[in-house]
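A.B. asks: Give me a 3D structure for the following:
(one chain, ligands or ions: 2)
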Amino acid sequence: MNDFIFQNTTKIYFGKNQLGHLGEEIKNFGEKVLLVYGGGSIKKIGLYDRILSELEKVGVEIFELAGVEPNPRHTTVNKGAKICHEKNIQILLAVGGGSVIDCAKGIAATFYCESGDCWDLVTKKFPIKKALPVFAIPTVAATGSEMDSSGVISNIETNEKRGISSKLIQPKVSFLDPTNTFSVSAYQTACGSADIISHFLDLKYFADDNQKMYMLDKIVEEILKTVVKFAPIAIKEPKNYEARANLMWSASWALNSFLTMGIKQTPSVHAMEHELSAFYDVTHGLGIAIITPRWMEYILQKNPEKVAPQFKKFGVNIFGVDENLSDMEGAKEAIEKFKEFLFVTLGLKSKLSDLNIDDKNFAEMSRRACPNGELKGFLTLTPKDVEKIFYACL
Ligand code: NZQ
Ligand code: ZN
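C.D. replies: Numbers count the residues shown, from 1 in each chain. Ligands and ions are numbered 1, 2, ... in the order given. Sure thing, here's the model as predicted:
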């Protein structure tokens with residue numbers, strides 16, 4: 001395995017009675033807060049009022065940026081940065097799903113960007129040199145944005161969805177209260193769960209053996225089993241605290257860098273999904289769910305020797321596939337079980353044609369997914385490979 005450095009700097013308050021610490025933590029960073037949120041779910045669940053009351057208690061002044069879109073737009077990020085300048089904001093408080101948290105991260109960095117345009121940070125025209133402190137209160141178990149250093153921003157004018165990454169934008173403090181996810185719909189719960197699973201598969205579980213550490217691999221398997229166990233429970237019983245808590249903490253651990261230690265891998269399924277979202281604004285977790293098994297089928301045929309043993313192991317250890325099967329049979333069975341989990345148990349749509357997406361943009365999406373002519377990952381793919389995978393998703 002490779003050498004690594006591990007440091008995760010986000011302080012986590014986990015549980016249902018932790019919001020009382022919000023005021024004292026915010027006061028460590030300043031007194032003027034921009035509350036960033038989405039389309040209103042936080043008001044419906046009473047979280048908005050509770051946050052206001054906590055902040056008012058300690059005399060923090062609150063400004064707002066509401067209406068952050070799923071797949072947050074760079075224009076919304078720029079609007080937030082402008083408010084921060086106008087109101088002398090010192091802290092960003094993101095309350096919502098990954099889109100809201102990513103938007104706040106974008107604002108935090110754009111505040112110090114000389115052009116005031118977040119897209120200049122995305123394209124690396126300017127580096128991220130400084131950022132306002134970000135706090136996060138996630139309300140969906142999905143992206144892990146509450147404990148990582150990345151954000152994903154969409155530019156709908158150019159059909160691009162790309163990431164920014166810097167330790168400077170990682171949340172200083174995050175409040176993870178599983179009860180805030182009780183109201184998440186069955187659909188978003190399914191999408192979030194597919195996303196969590198993909199973060200494990202795409203970045204670490206399906207990776208070259210010589211990069212892996214046994215201990216971390218075993219932890220990944222246990223968390224994968226946890227998501228497979230609790231996602232269906234959360235869908236059937238939305239207010240099941242144990243299920244919501246397990247999903248929420250699994251989501252954070254999927255991307256908090258502890259489990260990727262020593263592994264250097266580009267997440268290829270995520271790169272393909274970002275093209276899908278960029279062109280069709282699909283829900284991230286749904287795009288991931290549709291692409292992942294088709295990517296697995298494709299790379300299994302392309303390099304069975306490398307891929308089949310790992311897919312079989314996934315099937316045996318996560319879905320109870322018979323270990324006496326050959327590598328190829330076990331790998332195929334693993335993909336079938338995984339599909340059944342995504343499309344039957346979680347009830348997600350299984351094809352791009354179900355989303356009214358046709359092949360019109362596949363060639364362009366495939367080209368864009370392959371910077372410098374290839375898409376690195378567990379298996380390196382060409383634009384032609386990627387295009388074939390998109391066709392298999394139709
Ligand atoms: O806008 P509101 O009204 O809040 O409704 C949201 C939104 O419609 C709703 N929702 C959130 N909390 C809720 C709720 N509905 C009911 N009850 C609640 N408690 O859920 C919908 C989707 O929200 P969104 O934030 O888009 O979902 P998610 O958390 O899955 O975030 C997806 C975004 O994160 C990016 C994705 O690409 C996508 O843009 N990602 C970010 C990553 C990161 N920062 O590291 C990594 C991921 O791989 C991913 O790419
Ligand atoms: Zn993801």
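A.B. asks: tell me which parts of this protein are close to ligand 1?
C.D. replies: 38-41, 45, 70-71, 96-100, 102, 139-140, 142-145, 148, 150-152, 180-181, 183-184, 188, 192, 195, 255, 270, 284-285 (C-beta under 6 Å from any ligand atom). For every residue, glycine as well, the C-beta is placed using N, CA and C.
A.B. asks: filter those residues to the buried ones?
C.D. replies: Among these, those that count as buried by neighbour count (16 or more other C-beta atoms under 10 Å) are 38, 41, 45, 70-71, 96-100, 102, 139-140, 142-145, 148, 150-152, 180-181, 183-184, 188, 192, 195, 255, 270, 284-285.
A.B. asks: sorry, back to before: list the ones among the residues of the chain next to ligand 1 that fall in strands.
C.D. replies: Filtering those for membership in strands, criterion DSSP state E, returns 96, 150-152.
A.B. asks: Retrieve the pLDDT associated with the residue of the stretch 51-200 of the chain found nearest ligand 1.
C.D. replies: Residue of the stretch 51-200 of the chain nearest ligand 1, by C-beta to the nearest ligand atom: Gly97 (2.1 Å). Looking at Gly97, its pLDDT stands at 98.
A.B. asks: so how far is Lys218 from it?
C.D. replies: Distance of Gly97 to Lys218, given as C-beta to C-beta, to the nearest Å: 30 Å.
A.B. asks: in the stretch 101-250 of the chain, which spans are strands?
C.D. replies: 134-138, 150-155, 160-165, 173-176 (DSSP state E, counting those that start in this stretch).
A.B. asks: Look up how far Phe390 lies from the most centrally placed residue in the chain.
C.D. replies: Nearest to the mean C-alpha position of the chain, by C-alpha atoms, centre = their mean, lies Thr143 at 2.5 Å. Going from Thr143 to Phe390 by C-beta to C-beta gives 23 Å.
A.B. asks: and what of Pro127?
C.D. replies: 33 Å.
A.B. asks: Measure how buried the spatially closest residue to Gly285 that is not a sequence neighbour is and give me the count.
C.D. replies: Closest residue to Gly285 apart from its sequence neighbours, by C-beta to C-beta, 6 or more residues apart in numbering: Cys191 at 2.9 Å. Residues lying near Cys191 (other C-beta atoms under 10 Å) number 25.
A.B. asks: In this structure Cys191 contacts Leu348, no?
C.D. replies: Yes: at 7.1 Å, Cys191 and Leu348 qualify as touching, with contact defined as C-beta atoms under 8 Å.
A.B. asks: Spell out which residues are contacts of both of the two.
C.D. replies: Jointly contacting Cys191 and Leu348 under the rule C-beta atoms under 8 Å, 6 or more residues apart in numbering are 286, 289.
A.B. asks: What residues of stretch 316-330 count as buried?
C.D. replies: 316-319, 321, 325, 327-328, 330.
A.B. asks: among those residues, which are in helices?
C.D. replies: Among these, the ones falling in helices (DSSP state H) are 316-319, 327-328, 330.
A.B. asks: Show me how far the helix or strand Ser252 falls within is from its chain's centre.
C.D. replies: If you go by DSSP states H and E, Ser252 is part of helix 241-255. Helix 241-255 sits 13 Å away from the centroid of its parent chain (C-alpha atoms, centre = their mean, to the nearest Å).
A.B. asks: in that helix, what counts as buried?
C.D. replies: Neighbour-count burial for helix 241-255 flags 243-255 (criterion: 16+ other C-beta under 10 Å).
A.B. asks: Check the strands of the stretch 101-250 of the chain for me and report the most buried one.
C.D. replies: strand 134-138 (a mean of 28; mean count of other C-beta atoms under 10 Å).
A.B. asks: what's in contact with it?
C.D. replies: Everything outside strand 134-138 that qualifies as a contact, by C-beta under 8 Å, 6+ apart, is 22, 25-26, 47, 51, 91-98, 101, 104-105, 108, 145-146, 169-177, 180, 248, 251.
A.B. asks: can you do 7 Å?
C.D. replies: 26, 91-95, 101, 104-105, 108, 145-146, 169, 171-176, 180 (C-beta atoms under 7 Å, 6 or more residues apart in numbering).
A.B. asks: Just the buried ones out of those residues, please.
C.D. replies: 26, 91-95, 101, 104-105, 108, 145-146, 169, 171-176, 180.
A.B. asks: Tell me which of those fall in helices.
C.D. replies: Going by DSSP H, the helices hold 26, 101, 104-105, 108 from the buried ones among the contacts of strand 134-138.
A.B. asks: and which of these is nearest to Leu375?
C.D. replies: Using C-beta to C-beta, Lys105 comes nearest to Leu375 of those, at 24.8 Å.
A.B. asks: List the contacts of the closest one.
C.D. replies: The neighbours of Lys105, taking C-beta under 7 Å, 6+ apart as the test, are 134, 151, 164, 169.
A.B. asks: Please apply the same query to Asp322.
C.D. replies: Contacts of Asp322 (C-beta under 7 Å, 6+ apart): none.
A.B. asks: Give me the distance between it and Glu333.
C.D. replies: Taken as C-beta to C-beta, the span from Asp322 to Glu333 is 7 Å.
A.B. asks: Likewise for Tyr13?
C.D. replies: Applying C-beta to C-beta, the value for Tyr13 to Glu333 is 42 Å.
A.B. asks: Next: Arg368.
C.D. replies: Applying C-beta to C-beta to Arg368 and Glu333 gives a distance of 34 Å.
A.B. asks: Check Phe200 too.
C.D. replies: 20 Å.
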